[in-house]
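Peer 1: here is my input; please provide its structure:
(2 chains)
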Amino acid sequence: GDSVTQTEGPVTVSESESLIINCTYSATSIAYPNLFWYVRYPGEGLQLLLKVITAGQKGSSRGFEATYNKETTSFHLQKASVQESDSAVYYCALGEGNNRIFFGDGTQLVVKP
Amino acid sequence: DPKIIQKPKYLVAVTGSEKILICEQYLGHNAMYWYRQSAKKPLEFMFSYSYQKLMDNQTASSRFQPQSSKKNHLDLQITALKPDDSATYFCASSISKGVRAEVFFGKGTRLTVV
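Peer 2: All right, here's what the predicted structure looks like:
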């Protein structure tokens, strides 16, 4: 079945440092799944951070970027300089034909001031 | 203002009892979903509805029954509760069930079965 594997948390970085959270996926039900990064800030619901629906394309939002790599089945999340307000849980996810979304386990990011 | 309202936020239930989790969305969406996140497990898809009709069911147990009394409501009835049902249940919605439609999530109902 479809599945997503991402960096195990917590990931701790200092403010202004760079960040990468790895994500790889396995899609058996659809050749070109939609790929997403969702984020849950403390006390908040799950929010879509960015999505890419075309292989080879890059999505970006709030300084975060992720590139849909079909060859390596990866969708790593990167940010050049994190801020304390980026502390949250980040979920890599895959969407297939019925709009069913498969989530990774989530990666807790802790940004130290 | 939250556009997907889930009630209650926290719920404690006794084993064997029945509970209903409430979900209302004010986004004008036609598709609604339920997801569940148990301890140390990823978010798992449970059900999808489109125009108040069941489209997809990935929940093996018939103890879980979605109920859609209105287009913008999708409640989840859980009967004969077990401790393993303890989880956070997330309601979600999208403008349509199409693969390109963005899915929006509520804040969840945390259910604890004792």
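
Peer 1: is it true that residue A:82 touches residue A:15?
Peer 2: Yes. Between residue A:82 and residue A:15 there is a contact under CB atoms under 8 Å: 6.5 Å. For every residue, glycine as well, the C-beta is placed using N, CA and C.

Peer 1: can you list the residues of chain B near chain A?
Peer 2: Proximity of chain B to chain A, by CB under 8 Å from any CB of the partner chain, involves residues B:2, B:4, B:31, B:33, B:35, B:41-45, B:48, B:55-56, B:58, B:90, B:94, B:97-108.

Peer 1: tell me the bridge partners for residue A:107.
Peer 2: For residue A:107, the beta-bridge partners are residue A:90 (DSSP bridges).

Peer 1: for it, the count of nearby residues, please.
Peer 2: Per other CB atoms under 10 Å in any protein chain shown, the neighbour tally for residue A:107 reads 20.

Peer 1: for it, give its distance to chain B.
Peer 2: 11 Å (CB to the nearest CB, to the nearest Å).

Peer 1: now do the SS call for the residue nearest to the spatial centre of chain B.
Peer 2: By CA atoms, centre = their mean, chain B has its centre lying nearest to residue B:34, at 3.2 Å. At residue B:34 the chain is in strand, as set by DSSP: H, G, I helix; E, B strand; the rest coil.

Peer 1: that one - nearest residue in space that isn't next to it in sequence?
Peer 2: residue B:46 (4.3 Å; CB to CB, 6 or more residues apart in numbering or on different chains).

Peer 1: tell me which residues touch the residue located most distally from the centre of chain B, please.
Peer 2: Taking CA atoms, centre = their mean, the residue of chain B most remote from its mean C-alpha position is residue B:100, at 21.1 Å. Residues in contact with residue B:100 (CB atoms under 8 Å, 6 or more residues apart in numbering or on different chains) are A:34, A:53.

Peer 1: out of the residues of chain B next to chain A, which are buried?
Peer 2: B:4, B:31, B:33, B:35, B:42-45, B:48, B:55, B:90, B:94, B:97, B:99, B:101, B:103-108 (16 or more other CB atoms under 10 Å in any protein chain shown).
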